[in-house]
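Engineer: When you get a sec, could you give me coordinates for this:
(one chain, ligands or ions: 1)
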Amino acid sequence: MTILSTDKLNRVFGSLTAVRDVSLSVDPGEVHALIGPNGAGKSTLVGMIAGRIPPTSGRVVFDGKDVTSLPAHRRMQMGMAYTFQITAIYARLTLFDNLALALDDRDPARVAAALDRVGLTERSDQLAGDLSYGHQRLLEIAMGVAQAPRLLILDEPTQGLAESEIAGFGDLVRSLRGTTTILLIEHNMNVVMELADRITVLETGEVLATGTPDQIRANLAVQDAYLGTTHA
Ligand SMILES: Nc1ncnc2c1ncn2[C@@H]1O[C@H](COP(=O)(O)OP(=O)(O)OP(=O)(O)O)[C@@H](O)[C@H]1O
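Structural biologist: Next up is the predicted model:
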């Protein structure tokens with residue numbers, strides 16, 4: 001059973017095929033990482049999954065329905081949530097108000113619980129715009145999680161986070177494992193190897209390999225193309 005699948009998804013920009021014939025499937029409850037070198041097509045693929053970028057051809061199926069032609073907000077109504085590299089928080093509102101908006105509920109206990117998941121409870125009354133970049137990323141993740149999505153897409157969530165914050169992020173993902181399906185685009189290989197149930201490797205727009213962290217580590221093509229390790 002899959003909650004999300006893509007079927008021969010393609011996206012062409014002029015003479016460049018950014019994503020070529022990508023078919024992948026994500027199982028309910030798994031943490032599925034998407035990795036690959038810069039320019040491999042990760043953001044373009046996720047943009048098509050989320051409904052921000054129209055595919056040139058191919059299909060996206062979410063929760064058993066073909067959503068290829070549905071706009072992003074309809075996919076969100078169906079249970080997709082995503083955080084992107086550009087933060088989508090309200091800088092002039094407090095953390096409390098940001099979370100209350102995401103939850104559509106001002107119940108202090110619920111807001112506090114949502115902030116607690118990312119360790120920001122004590123900053124509840126601060127303006128979001130006054131937070132460090134790393135804390136803004138955590139707030140954005142908390143807002144995504146608060147919506148209790150069926151599929152949470154995290155685009156480079158640890159970018160700009162300090163080591164201690166990365167550890168907290170790892171705890172958060174582990175606490176969601178099994179209940180929330182997560183598609184994780186991430187450059188930090190330690191984070192990927194530690195958190196992912198399965199990994200899909202993209203290279204120049206194509207799927208190079210899919211497998212468990214151990215399988216991906218042992219895959220010679222992946223080692224050559226991406227992991228930078230040498231083998232005999
Ligand atoms: N709107 C666009 N117009 C033209 N080319 C684009 C557009 N968006 C992406 N590309 C190109 O498509 C290719 C894939 O880009 P994409 O951003 O999807 O890769 P990525 O794997 O997410 O990279 P990164 O890890 O650097 O974010 C790149 O060569 C990029 O220059």
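Engineer: mean confidence score for stretch 27-35?
Structural biologist: Averaging pLDDT along stretch 27-35 gives 95.
Engineer: For that stretch, which outside residues touch it?
Structural biologist: With CB atoms under 8 Å, 6 or more residues apart in numbering as the test, stretch 27-35 has contacts from 1-3, 24, 26, 42, 45-46, 150, 173, 177-187, 189, 192, 195-202, 226. Every residue, glycine included, has its C-beta placed from N, CA and C.
Engineer: how does it look with 7 Å?
Structural biologist: With CB atoms under 7 Å, 6 or more residues apart in numbering as the contact definition, stretch 27-35 has outside contacts at 1-3, 26, 42, 45, 173, 177-179, 181-186, 192, 195-202.
Engineer: Okay, and which of the residues you listed map to strands?
Structural biologist: 26, 181, 182, 183, 184, 185, 198, 199, 200, 201, 202 (DSSP state E).
Engineer: got those as CSV, with distance to the ligand and neighbour count columns?
Structural biologist: As requested, the ones in strands among the contacts of stretch 27-35 are exported to CSV (distance: CB to the nearest ligand atom, whole Å; neighbours: other CB atoms under 10 Å):
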residue, distance to the ligand, neighbour count
26, 18, 23
181, 20, 25
182, 17, 24
183, 13, 25
184, 13, 22
185, 7, 22
198, 18, 18
199, 14, 26
200, 12, 23
201, 11, 23
202, 6, 26
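Engineer: what about residue 69, which SS state?
Structural biologist: With DSSP: H, G, I helix; E, B strand; the rest coil as the basis, residue 69 sits in coil.
Engineer: do you know how far the residue positioned nearest the centre of the chain is from the ligand?
Structural biologist: Closest to where the C-alpha atoms of the chain average out (CA atoms, centre = their mean) is residue 154, at 1.9 Å. Distance, residue 154 to the ligand, by CB to the nearest ligand atom, to the nearest Å: 13 Å.
Engineer: Spatially nearest residue to that residue (excluding sequence neighbours)?
Structural biologist: Distances taken as CB to CB, 6 or more residues apart in numbering put residue 184 closest to residue 154, at 5.1 Å, once the chain neighbours are dropped.
Engineer: about what we covered before: contacts only, for the residue nearest to the centre of the chain.
Structural biologist: 83, 141, 182, 184, 185.
Engineer: try it again with 10 Å
Structural biologist: By CB atoms under 10 Å, 6 or more residues apart in numbering, the residues touching residue 154 are 31, 33, 46, 81-84, 137, 140-141, 144-145, 169, 173, 182-186.
Engineer: what helix or strand does residue 112 sit in?
Structural biologist: In this structure, residue 112 is located in helix 108-116 according to DSSP states H and E.
Engineer: after that helix comes which helix or strand?
Structural biologist: Sequence-wise, the next helix or strand downstream of helix 108-116 (DSSP H and E) is helix 133-146.
Engineer: what separates that following helix from the chain centre, distance-wise?
Structural biologist: 12 Å (CA atoms, centre = their mean, to the nearest Å).
Engineer: That helix - contacts with which helices or strands?
Structural biologist: Helix 133-146 sits against strand 80-83, helix 95-103, helix 108-116, strand 151-155, helix 163-176, with contacts defined as 3 or more CB pairs under 10 Å, 6 or more residues apart in numbering; DSSP states H and E.
Engineer: Can I get these in JSON lines including distance to residue 122?
Structural biologist: Below are these laid out as JSON lines (distance: least, CB to CB, whole Å):
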{"stretch": "strand 80-83", "distance to residue 122": "22"}
{"stretch": "helix 95-103", "distance to residue 122": "10"}
{"stretch": "helix 108-116", "distance to residue 122": "9"}
{"stretch": "strand 151-155", "distance to residue 122": "24"}
{"stretch": "helix 163-176", "distance to residue 122": "14"}
